[in-house]
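> Can you look at this prediction? I've put the sequence above it.
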Amino acid sequence: MEFILAIDQGTTSSRAILFDKDAKVIASDQHEFAQYFPKAGWVEHDASEIWESQLRAIEGALKKAGCSWESIAGIGITNQRETIVAWDAKTGEPVGKAIVWQDRRTAGYCDRLKAEGKESWIQERTGLLLDPYFSASKMRWILENRPEAKVLADKGELRFGTVDSWLIWKLSNGRSFVTDVSNASRTLLMDLRSCEWDGDLLGVFGVPSSCLARIVDSSGALAETAGEVTGGCEIAVSGIAGDQQAALFGQLCFEPGMVKCTYGTGCFILMNVGRGPAVSRNKLLGTVAWRMAGTTEYALEGSVFVGGSAVQWLRDELGLIKSAAEIEALARSVDDSDGVMLVPAFTGLGAPYWDPYARGTIFGLTRGSTAAHIARATLDGIAYQVCDVASAMASDAGRELGEIRADGGASANALLMQTQADLTGAEVACPKILETTAMGAAFLAGLGVGFWESKEVLKELVRADRRYGPGMPVHEREKRLRKWAKAVERSQAWATED
Ligand SMILES: Nc1ncnc2c1ncn2[C@@H]1O[C@H](COP(=O)(O)OP(=O)(O)O)[C@@H](O)[C@H]1O
Ligand SMILES: O=P(O)(O)OC[C@H](O)CO
């Protein structure tokens, strides 16, 4: 029996899923790993823990399926994006901890580049904005603050990689140093049109080209594992994509105008825009969706930093619920939030505001406000943020969004999905298998080794499950959105003196 192995290396856990030819999940395994918060606004991972947890998840999935590495026809890798791992090319040892996409330590540096007037040409060239979210300022920080990194870089022996590169380096025992074009498009160092590292940008951020991986397609013969790592077999790594691009693929958003939103730790809304790059007029990101057989397709993206993690906050910090799923019953126990509004800007605001200094706020509390109102306001807050991105996207695209294909852990929440449909006026559709990210990576890998023949075949394998239609009167929606805009405005620029 042959399977495709999808490796889904996320922000909080490493997952491995085996798919058969019908795109059925045969077995999966998942391991969490530690999050390090050494200072306010800093978020780090241990790259060795990422690798070990990932390997354990793969071995766990193989064991559950009762098969070995030999049964794997191809591997698809999808990963948390922007996070930067630095390592020594000779020993393969990480140089300090990985700096995670959520980390805000380079906010001041990005402000300085903005003050020097660099933002507009950088946006024009990369599709991205000058925000600490992206990888380049993190690489620069490592070179400036970790002397060992600088010494290695001077000798041409430092490697910088997003998590896809790091995992492939480990799987190939140091033989392959590649990144796919969708991951490279998140670094602030790649020209969005040529899809190559850009000399001017390398100069601005002071990153030597010797540190960077070779950019490859998202599907095809991309790399090979080393037999000594993968049970004596050399297996094709035939799919690679950043996790949000993989979800776009897994949701079969193959045509321009199709939109997906993944509700995980954060919420990431992507629209396929076809074969030409989009540069947003509304502070969204222009990014690569995937490149197959040399043809690049692009996407517009709105990244919301706090989504499901707001629910975790209610659970872990406030103790209002015991599990994430409990929020739905609590929020449904009231008709609405009774005027309470929660802006979950815990790590600043992403699209379309891009304010690293915004902070979480709750407005409209009265003596009658209860835990249920706060729970409801939390779900509303997630949906409002997505709604802001959806409006920016509609404005960029010049048309309303008809349908949003939803996935990710929090899309299991029917109240959240209904609220989303009500606030955006779009239909929200959830697939049967919510593991769309892993499925997208599996599809890319399967197409890359001929396990599936074409994208057409994939359309037979995915089924929509639940659909939510908008039910809120337009005047009510507009009233709520006006109030939300007021709340967002007040949450901004809060932490500037810190
Ligand atoms: N029923 C639910 N309602 C709301 N949020 C949920 C629910 N179930 C899970 N979540 C949230 O979804 C997130 C996990 O989703 P997942 O797709 O696994 O995220 P990630 O890939 O970012 O780790 C958590 O932040 C959790 O709080
Ligand atoms: O790990 P996730 O699923 O929260 O995704 C993280 C994103 O890729 C960050 O851009």
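Here it is on my side, so go on. Ligands and ions are numbered 1, 2, ... in the order given.
> Enumerate the residues of the chain near ligand 2.
By Cβ under 6 Å from any ligand atom, the residues of the chain that approach ligand 2 are 10-11, 80-82, 101, 242-244, 264-266, 303. Where C-beta positions appear, they are placed from N, C-alpha and C, glycine not excepted.
> Take the residues you listed and keep only those in strands.
Per DSSP state E, strands hold the following members of the residues of the chain next to ligand 2: 242, 303.
> Which parts of the stretch 301-450 of the chain are strands?
Ranges of strands in the stretch 301-450 of the chain, per DSSP state E, counting those that start in this stretch, are 341-343, 361-363, 403-407, 427-431.
> swap that for the stretch 1-150 of the chain, sorry
With strands called from DSSP E, counting those that start in this stretch, the stretch 1-150 of the chain shows them at 3-9, 13-19, 25-32, 44-45, 72-79, 85-88, 98-99.
> now the third one against strand 13-19, angle please.
Here strand 25-32 points in a direction 170 degrees away from that of strand 13-19 (axes from the mean of the first three to the mean of the last three Cα atoms, to 10 degrees).
> on contacts alone, who are the packing partners of strand 25-32?
Helices and strands touching strand 25-32, by 3 or more Cβ pairs under 8 Å, 6 or more residues apart in numbering; DSSP states H and E, are strand 13-19, helix 47-65.
> which of the ones you listed sits most buried?
A comparison of those by mean neighbour count, using mean count of other Cβ atoms under 10 Å, puts strand 13-19 on top with a mean of 24.
> and it, what other elements does it pack with?
strand 3-9, strand 25-32, helix 47-65, helix 436-448.
> now with 6 Å?
Packing partners of strand 13-19 (3 or more Cβ pairs under 6 Å, 6 or more residues apart in numbering; DSSP states H and E): strand 3-9, strand 25-32, helix 47-65.
> As a markdown table, the ones you listed with distance to residue 373 and mean pLDDT would be great.
Formatted as a markdown table, the helices and strands packed on strand 13-19 follow (distance: least, Cβ to Cβ, whole Å; pLDDT from 0 to 100):
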| stretch | distance to residue 373 | mean pLDDT |
| --- | --- | --- |
| strand 3-9 | 35 | 97 |
| strand 25-32 | 31 | 95 |
| helix 47-65 | 38 | 97 |
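> Turn those into CSV, columns for distance to ligand 1.
Formatted as CSV, those follow (distance: least, Cβ to the nearest ligand atom, whole Å):
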stretch, distance to ligand 1
strand 3-9, 8
strand 25-32, 9
helix 47-65, 13
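> got the contact list for the residue in the stretch 301-450 of the chain that ligand 2 sits nearest to?
Closest residue of the stretch 301-450 of the chain to ligand 2, Cβ to the nearest ligand atom: residue 303 (5.9 Å). By Cβ atoms under 6 Å, 6 or more residues apart in numbering, the contact set of residue 303 is 268, 350, 351.
> okay, these in a markdown table with neighbour count and pLDDT next?
Shown next, in a markdown table, are the contacts of residue 303 (neighbours: other Cβ atoms under 10 Å; pLDDT from 0 to 100):
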| residue | neighbour count | pLDDT |
| --- | --- | --- |
| 268 | 29 | 96 |
| 350 | 28 | 91 |
| 351 | 28 | 93 |
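> ok so, going back, of all the helices and strands packed on strand 25-32, which one comes closest to residue 438?
Closest to residue 438 of those is strand 13-19 (Cβ to Cβ; 4.5 Å).
> CA atoms only for the closest one - export them in PDB, please.
Taking Å, rounded to 0.1, in the frame of the first residue of the first chain, the C-alpha atoms of strand 13-19 are listed here in PDB:
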ATOM      1  CA  SER A  13       2.700  21.500  17.400                       C
ATOM      2  CA  SER A  14       4.200  19.200  14.800                       C
ATOM      3  CA  ARG A  15       1.800  16.900  13.000                       C
ATOM      4  CA  ALA A  16       2.200  14.000  10.600                       C
ATOM      5  CA  ILE A  17      -0.700  12.600   8.500                       C
ATOM      6  CA  LEU A  18      -0.700   9.700   6.100                       C
ATOM      7  CA  PHE A  19      -3.200  10.100   3.200                       C
END
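> which phi and psi does the nearest residue to the residue of the stretch 301-450 of the chain closest to ligand 2 once chain neighbours are set aside have?
Counting by Cβ to Cβ, 6 or more residues apart in numbering, residue 303 lies nearest to residue 350, which is 4.5 Å off, once chain neighbours are set aside. Main-chain torsions, residue 350, degrees, to the nearest 10: phi -90, psi -140.
> Mind putting the helices and strands packed on strand 13-19 into TSV with distance to residue 451?
Formatted as TSV, the helices and strands packed on strand 13-19 follow (distance: least, Cβ to Cβ, whole Å):
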stretch	distance to residue 451
strand 3-9	6
strand 25-32	13
helix 47-65	16
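> any idea how far whichever residue of the stretch 101-250 of the chain sits closest to ligand 1 is from residue 441?
When distances are taken as Cβ to the nearest ligand atom, the stretch 101-250 of the chain reaches nearest to ligand 1 at residue 243, 7.2 Å away. From residue 243 over to residue 441 the distance is 8 Å, taken as Cβ to Cβ, to the nearest Å.
> ditto for residue 186
Separation of residue 186 from residue 441 (Cβ to Cβ): 16 Å.
> between the two, which one's more packed in?
Neighbour totals were compared for residue 186 and residue 441, and residue 441 leads with 37 against 29 (other Cβ atoms under 10 Å).
> my read: that one touches residue 78, true?
Yes. With contact defined as Cβ atoms under 6 Å, residue 441 counts as touching residue 78 (3.8 Å).
> shared neighbours, these two?
In contact with both residue 441 and residue 78: residue 246, using Cβ under 6 Å, 6+ apart.
> where does this protein dip in pLDDT?
The model of the chain has pLDDT under 70 over residues 1, 497-498.
> Within range of ligand 1, give me the residues from it.
Neighbours of ligand 1 within the chain, by Cβ under 6 Å from any ligand atom: 10-13, 264-265, 308-309, 311-312, 324-325, 327-328, 408-410, 412-413.
> Looking at those residues, which are in helices?
If you go by DSSP state H, the residues of the chain next to ligand 1 have 308, 309, 311, 312, 327, 328 in helices.
> Closest one to residue 137 out of these, please.
Out of those, the member with the shortest distance to residue 137 (by Cβ to Cβ) is residue 309, at 22.5 Å.
> Find the nearest non-adjacent residue to residue 250, please.
Excluding its sequence neighbours, the residue lying closest to residue 250 (Cβ to Cβ, 6+ apart) is residue 440, at 3.0 Å.
> Neighbours of the one you found, how many?
Quick note: residue 440 (other Cβ under 10 Å) scores 32 neighbours.
> Touching, residue 58 and residue 17? I think so.
No. Between residue 58 and residue 17 there is no contact under Cβ under 6 Å: 9.8 Å.
> To which secondary structure element is residue 183 assigned?
helix 181-184 (DSSP states H and E).
> quick one: contacts for the residue nearest to residue 250?
246, 247, 249, 250.
> Now intersect those with the helices, please.
246, 247, 249, 250.
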